[in-house]
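Peer 1: next one to model:
(2 chains)
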Amino acid sequence: MSLGRLLAVARKELLQLRRDRLTLAMMAVLPVVQLLLFGYAINTDVRHTPTVVLDDDHGARGRSFVRSMEATGFYDIVGHVRDHGELATALRAGRAKVGVVIPAGFGADVARGTPARLQLIVDGSDPQTVASATNTAASLAASWGSDLAVERLQRQGMRAPAPAIRLEPLTWYNPDLRTATFIVPGLVGVILTMTMVMLTAMAITRERERGTLEQLIVSPVRPIELVAGKILPYILIGYVQMSLVLGVGHLAFHVPIVGSLALLYALAALFIAANLALGLTFSTVAQTQQQAMQMSFFFLLPNILLSGFMFPWEAMPRPVQMLSQALPLTHFLRIVRGITLKGATWPEVRVEVLWLAGVLAWFTLVASVRFRKKLG
Amino acid sequence: MSDDIIVAEGLARSFGELVAVRDVSFRVRRGEIFGVLGPNGAGKSTTIRMLCGILDPTGGRGTVVGHDIAKEPEAIKARIGYMTQRFSLYEDLSVRENLDFYAGIYGLSRARRTARIDEVLDRTGLRARTKQLSGTLSGGWKQRVALACATLHEPPLLFLDEPTAGVDPVSRRDFWEQIHRLAAAGTTVLVTTHYMDEAERCHRLSFIFRGAVLDVGTPDEIVERRGLDVCEMRVDEATRAADLLRAAPEVDEVAHYGHVIRVSVRNADAVAVARRTLDAAGLAIGRCERARATVEDAFVSMVREEGAARA
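Peer 2: Residues are numbered from 1 along each chain as shown, chains lettered A, B, ... in the order given. Okay, here's the model as predicted:
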């Protein structure tokens, strides 16, 4: 292997990149735009759910319960309906996602001390709302219930017994449950996956398309020199993108960086290399730049869906979990979230690093077997 | 080492069902300009690619600069220059950057690189254009840059695959001057072409048709072996005269050149045959002169015969 030839390729690639202003701008703008989009627009906290009320009781107790529902900030009362038919229409039209039904006699039951009934109707077509909508209302009803019981006991001159178990929930690492804190570190991985795979896949197919690959194949340059020389400039770009996302995320979204940046940057090299090897594998299959681009996009989707970037990995069925272990992003997500949010150190991320190294070795093997200096 | 820098023996290559090269054998001597002539799709490029070691033959064997093409392709690659009709330059790089890049991948030392690039820039007249992006050069200039890139490392053997396709006649002439200069300095050149005037500029030729060699030799030898006698004549009703001549069994080929028709006859007297045929039809013949048979005449004659035999 000759370092001179490798550097000649890297230098040429950098020169071409410098001339390709559009691609260069995309490399810098894309991460920031995605960051702002994901950071501001995506919010998985369910709040302000539009809610309609069907009040057949017309009593003070019922109105008071509705007010305390509104006070949670979770339900926005968008109107009152007169019967179940109107309630159904409101849900179907999407005007409301939750309906609260206060049956006639609710106030009287509460006053009498017999179990009072409330009905909560939730639009299940959006599963994310259902759990939060029911849980919030249920805990509200429970606390109302116990308040009423205490009130009743006190009226009878008795002291309420202390609860047998008191749960004290503590949320570590992201106590305010901010989506940005969760999303931004993951976005580093997603953006690197997207650009690194696509750039390498296209860098080789571009030469194939323009006929320059044939000229290279006839030269004494070895595949490893060609591949490494082409990849080198993109590793640099990868690091710039990563710094951009982490930096902007830290400044604009106050995403904490608790752990060691040095460790993160060192391990990122492994992740970037794995993606580049994958892009290279694509380029040995794709004949045109367009095909290379399509393959990269097809690859991106399962990465976003299965890696744990958006949906909890733990909730996936077993076979899908096994599949997602083959994606470099799955492991890098755990590393990047672990280090930035929880301050994880080497022993805690070691398993993920091993996985990444394995995936990298596998892709490198496939790419080098497929990438031969032959035509036809 | 033998004097033959290229030895091809029964080379063959198929792509699945398609047979691109059926049976190609020839020897190229050191320092000569060897032309591989053939129509489009005859298997010229495939042959060149096998000789460069970038395409494995499916049959036959070959050695180039003393190395086996199937077993030691990398040893060959360091000792050859290669240029295709597409002028594989990086269009988004300047002339100088292209030269620097190829100097780099051929492993030229810094001192040699500077010297060689200087030399090439002076020889080709590219010095004024070093900063120009090669994509904005005209065809002729691109060709010069491509040739400069392919010869930077001073290879003893140069492969040129249809190097003048799509280049204007003046640039083609200049290009051939450069080729002869390289050959005079000791470089062996193997060039494919389907331009007949270029074929005559080669020291020796190989005719390839449908993946097989029809003949190998100097242009004169090939023409002579074909035994063609050619005459050019002025006649009235040139089209009718041409049709009559084509129908005559001795006549090999009839072609129009403006007001003149050119008649070639195999192993017979062209003038006599033409006169006899046209006199019988009562057509008056104007001026009639014997002409020199060219490589093109020989080539067309061979291809027609081969085509008829296989049809």
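Peer 1: now the stretch 101-250 of chain A against chain B: closest residue?
Peer 2: A:Gln215 (3.6 Å; C-beta to the nearest C-beta). Where you see a C-beta, it was placed from the backbone N, CA and C, and this is true even at glycine.
Peer 1: what's the helix or strand for that residue?
Peer 2: helix A:212-218 (DSSP states H and E).
Peer 1: just checking, what packs against that helix?
Peer 2: Packing partners of helix A:212-218 (3 or more C-beta pairs under 8 Å, 6 or more residues apart in numbering or on different chains; DSSP states H and E): helix A:179-210, strand B:80-84.
Peer 1: quick check: closest non-adjacent residue to the residue of the stretch 101-250 of chain A closest to chain B.
Peer 2: Excluding its sequence neighbours, the residue lying closest to A:Gln215 (C-beta to C-beta, 6 or more residues apart in numbering or on different chains) is B:Ser88, at 3.6 Å.
Peer 1: checking the one you found next. Helix, strand or coil?
Peer 2: Under DSSP: H, G, I helix; E, B strand; the rest coil, the three-state class of B:Ser88 is coil.
Peer 1: straight-line length of stretch B:48-61, end to end?
Peer 2: 13 Å (C-alpha to C-alpha, to the nearest Å).
Peer 1: what ranges does chain A have for its strands?
Peer 2: With strands called from DSSP state E, chain A shows them at A:49-55, A:75-80, A:98-102, A:119-122.
Peer 1: relative to the last one, what are the paired strands and their orientations?
Peer 2: Translated: strand A:119-122. Under the criterion DSSP bridges, strand A:119-122 sits next to strand A:98-102 (antiparallel) in its sheet.
Peer 1: just to revisit the earlier point, nearest to B:Tyr102, out of the helices and strands packed on helix A:212-218?
Peer 2: strand B:80-84 (9.6 Å; C-beta to C-beta).
Peer 1: which helices and strands does the closest one pack with?
Peer 2: helix A:212-218, helix B:139-151, strand B:157-161.
Peer 1: so which of those is nearest A:Gly4?
Peer 2: From those, taking C-beta to C-beta, the stretch that ends up closest is helix A:212-218, at 15.1 Å.
Peer 1: CA atoms of that closest one as PDB?
Peer 2: Listed next in PDB are the C-alpha coordinates belonging to helix A:212-218 (Å, rounded to 0.1, in the frame of the first residue of the first chain):
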ATOM      1  CA  THR A 212     -13.100   7.700 -14.800                       C
ATOM      2  CA  LEU A 213     -13.300   4.500 -12.800                       C
ATOM      3  CA  GLU A 214     -12.100   2.600 -15.800                       C
ATOM      4  CA  GLN A 215      -9.000   4.900 -16.000                       C
ATOM      5  CA  LEU A 216      -8.400   4.300 -12.300                       C
ATOM      6  CA  ILE A 217      -8.700   0.500 -12.700                       C
ATOM      7  CA  VAL A 218      -6.100   0.500 -15.400                       C
END
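Peer 1: for chain B, what spans make up the strands?
Peer 2: B:4-15, B:18-29, B:33-37, B:59-64, B:67-68, B:80-84, B:157-161, B:188-193, B:204-209, B:212-217, B:228-235, B:251-257, B:260-266, B:285-291.
Peer 1: how about those in a markdown table, adding distance to A:Ile335 and mean pLDDT?
Peer 2: A markdown table is the format used below for those (distance: least, C-beta to C-beta, whole Å; pLDDT from 0 to 100):
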| stretch | distance to A:Ile335 | mean pLDDT |
| --- | --- | --- |
| strand B:4-15 | 46 | 94 |
| strand B:18-29 | 50 | 94 |
| strand B:33-37 | 57 | 96 |
| strand B:59-64 | 51 | 94 |
| strand B:67-68 | 48 | 95 |
| strand B:80-84 | 46 | 93 |
| strand B:157-161 | 50 | 95 |
| strand B:188-193 | 55 | 95 |
| strand B:204-209 | 59 | 94 |
| strand B:212-217 | 61 | 94 |
| strand B:228-235 | 78 | 90 |
| strand B:251-257 | 75 | 88 |
| strand B:260-266 | 78 | 91 |
| strand B:285-291 | 81 | 87 |
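Peer 1: what is the burial count for B:Arg22?
Peer 2: 19 (other C-beta atoms under 10 Å in any protein chain shown).
Peer 1: could you do the one 3 residues further on as well?
Peer 2: A count of nearby residues for B:Ser25, using other C-beta under 10 Å, gives 15.
Peer 1: in this structure it contacts B:Asp4, no?
Peer 2: No. Between B:Ser25 and B:Asp4 there is no contact under C-beta atoms under 8 Å: 11.8 Å.
Peer 1: contacting residues for the residue of the stretch 101-250 of chain A closest to chain B?
Peer 2: B:82, B:84, B:88 (C-beta atoms under 8 Å, 6 or more residues apart in numbering or on different chains).
Peer 1: ok, and the closest non-adjacent residue to the residue of the stretch 101-250 of chain B found nearest chain A?
Peer 2: Of all residues in the stretch 101-250 of chain B, B:Gly104 sits closest to chain A, at 2.5 Å by C-beta to the nearest C-beta. Once flanking residues are discounted, B:Gly104 sits nearest to A:Ala8: 2.5 Å by C-beta to C-beta, 6+ apart.
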